[in-house]
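Chemist: how would this look folded up:
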Amino acid sequence: MMRRSLITALFCAVTLPVFAGEAKVDFVQPEKFTDIRNVNDSLEDAQIRVSKEFSLYFSDLAKTLPDGYILEVQVTDIDLAGRIEYNYARTMRDIRVLKDIDWPKMSLSYRLKNPQQEVVASGKEDIRDMYYLSKANLSSSDYKYEEQMLKEWFRHLQRSKVFPTREKS
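Modeler: Below you'll find the model as predicted:
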């Protein structure tokens, strides 16, 4: 009897609707993105890694939207922070070097739909963070500078009332 109750509770927990916003992300021609490779990644591996990580970032941001809202994003370019220097002088290995002039950039378009599937906000953005090295960033993410840049962009849209925020209960 106890086991049946536990299984029923787990089933209900899995099948209950999630009350938060949702993100749908599409990466348009990622093979043409400016810079998405990690050191020693193939282009295909980089595309898989970037699409997975950035989809998670957008999903986390969408959770701050009200219930039933859907953020649709089309990413058209990514330029990661820094740049890869091949056969780096001292180590003779490929490394990603971070400098003030190689800030993270992303081009995207978005549409935000309310629960009635009406578009309540849309736009095309070229996001960049020229001061990425001067900010405290304790994230352990592989793309922590880009993640921070997206968080700042999203918060700006919420503060500007372009994107609504979840009601605190």
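Chemist: What segments of this structure are helices?
Modeler: Assigned by DSSP state H, the chain shows helices spanning 2-15, 43-62, 144-159.
Chemist: Dump the ones you listed into CSV; add mean pLDDT, distance to V75 and mean neighbour count as well.
Modeler: Heads up, the C-betas are built off the backbone N, CA and C, glycines and all. Output for the helices of the chain, formatted as CSV (pLDDT from 0 to 100; distance: least, C-beta to C-beta, whole Å; neighbours: other C-beta atoms under 10 Å):
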stretch, mean pLDDT, distance to V75, mean neighbour count
helix 2-15, 40, 30, 9
helix 43-62, 95, 7, 16
helix 144-159, 95, 10, 18
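Chemist: Out of those helices, the one nearest Y132 is which?
Modeler: The closest of the helices of the chain to Y132 is helix 144-159. By C-beta to C-beta, the value is 4.5 Å.
Chemist: now the helices of the chain as TSV including distance to K105?
Modeler: TSV is the format used below for these (distance: least, C-beta to C-beta, whole Å):
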stretch	distance to K105
helix 2-15	39
helix 43-62	13
helix 144-159	8
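Chemist: Tell me which of the ones you listed lies nearest to F27.
Modeler: Among the helices of the chain, helix 43-62 comes nearest to F27, with 5.1 Å by C-beta to C-beta.
Chemist: Break down the chain into its strands, ranges please.
Modeler: In the chain, the strands defined using DSSP state E lie at 22-27, 70-79, 83-85, 95-97, 105-113, 119-128.
Chemist: What's the mean pLDDT across the third one?
Modeler: When you say that, I think you mean strand 83-85. For strand 83-85, the mean pLDDT works out to 85.
Chemist: Show residues contacting that strand.
Modeler: With contact meaning C-beta atoms under 8 Å, 6 or more residues apart in numbering, strand 83-85 is reached by 35, 37, 39, 94-97, 99, 102.
Chemist: leaving aside the residues next to it on the chain, what's closest to L108?
Modeler: Take L108 and drop its neighbours on the chain: the residue closest to it by C-beta to C-beta, 6 or more residues apart in numbering is V75, 4.9 Å away.
Chemist: number of nearby residues for the one you found?
Modeler: The tally of other residues near V75 (other C-beta atoms under 10 Å) stands at 22.
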